[in-house]
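Peer 1: sequence plus predicted model, see below.
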Amino acid sequence: MPLNIAIDGPSGAGKSTLAKRLAEDLKILYLDTGAMYRGIAYFVLDKGVDPADAEKVLPLLPDIEMTVSYDESSGVQQIVINGVNVTPHIREHRISFAASTVSKIPEVRLKLVELQRKIASERDCVLDGRDIGSYVLPNATRKIYLDAKPEVRAERRFKELSEKGALNGMSYEDVLSDVNKRDYQDMHRDFAPLVVADGAVVVDTSELNAEEVLKKIEEIVACK
């Protein structure tokens, strides 16, 4: 049975950074599920459709053929939709909230969960997201819930956007507001909301740096 490590938690808790490092150290696949939802969000917005309008989103789904590939030279997961690599566009700030919005639509989640489960059934991997341990892979080998105070997560996000020159006039307060709104949206959606999965180990990263978090998680994974 493949080794599957599920890492869940709110936006800005450090899931993606940790998952990538953990996968590298364990020499297994890192599957960025959040990027898959961002891909859907980008496709929907590109079609001029509101991600919150399920009636208009649903007809688009059958036409979305998504594949996940990996650029070994850069180490970045590539999201390809209908033959077009949308990876360069999915980290735009506008896509972040749109991805959270479109992911509330059950049919969107079902489409991507099917693909995620297929990949996880075939090989050892680390998956991070909002509902990996609770819904996507309830029988994952290890389940971890990363958390941090909203103010800390907003500060991290603000710094990240600033370094990329992608703030577009946003203040720290704007970013914090977005973090709080996304938390509420993720935790209160009807289908597969963000929760601490049964059997998950909760790790608060507020006072920890990346190396300290990685060490802590590797200890958890190593436990029999």
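Peer 2: Done, it's in.
Peer 1: contacts and neighbour counts: CA atoms only from here.
Peer 2: OK.
Peer 1: in the chain, which residue is most central in space?
Peer 2: Nearest to the geometric centre of the chain sits Gly34, at 2.7 Å (C-alpha atoms, centre = their mean).
Peer 1: nearest residue to that one other than its sequence neighbours?
Peer 2: Gly129 (5.8 Å; C-alpha to C-alpha, 6 or more residues apart in numbering).
Peer 1: show me what that neighbour bridges to in the sheet.
Peer 2: Taking DSSP bridges, one obtains Asp8 as the residues bridged to Gly129.
Peer 1: what pLDDT does it get?
Peer 2: On pLDDT, Gly129 comes in at 89.
Peer 1: and what of the one 10 residues further on?
Peer 2: Here, the pLDDT recorded for Asn139 equals 96.
Peer 1: got a list of contacts for the helix or strand of the chain with the lowest mean pLDDT?
Peer 2: Here the helix or strand of the chain ranked lowest by mean pLDDT, DSSP states H and E is strand 66-71, holding a mean of 82. The contact list for strand 66-71, computed with C-alpha atoms under 8 Å, 6 or more residues apart in numbering, reads 76-82.
Peer 1: all strands for the protein, in order.
Peer 2: Taking DSSP state E, the strands of the chain run over residues 4-8, 29-32, 66-71, 76-81, 84-85, 125-129, 142-147, 201-204.
Peer 1: on that earlier part again, which one of the contacts of strand 66-71 has the most neighbours?
Peer 2: Within these, Ile79 tops the neighbour count with 25 neighbours, counted by other C-alpha atoms under 10 Å.
Peer 1: verify the contact between Asp204 and Ile144 for me.
Peer 2: No - using C-alpha atoms under 8 Å, Asp204 makes no contact with Ile144, being 10.6 Å away.
Peer 1: higher neighbour count, the two?
Peer 2: Ile144 (24 against 15).
Peer 1: the more buried one pairs with what?
Peer 2: Assigned bridge partners for Ile144, using DSSP bridges, are Ile7, Val201.
Peer 1: pLDDT below threshold where in the chain?
Peer 2: Within the chain, the segments meeting pLDDT under 70 span 224.
Peer 1: run through the helices of it in chain order.
Peer 2: Using DSSP state H, the helices of the chain run over 15-26, 33-46, 54-57, 93-102, 106-122, 150-164, 172-188, 210-222.
Peer 1: same list, the ones you listed, but as CSV with distance to Gly9 please.
Peer 2: Shown next, in CSV, are those (distance: least, C-alpha to C-alpha, whole Å):
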stretch, distance to Gly9
helix 15-26, 7
helix 33-46, 11
helix 54-57, 25
helix 93-102, 13
helix 106-122, 17
helix 150-164, 11
helix 172-188, 10
helix 210-222, 14
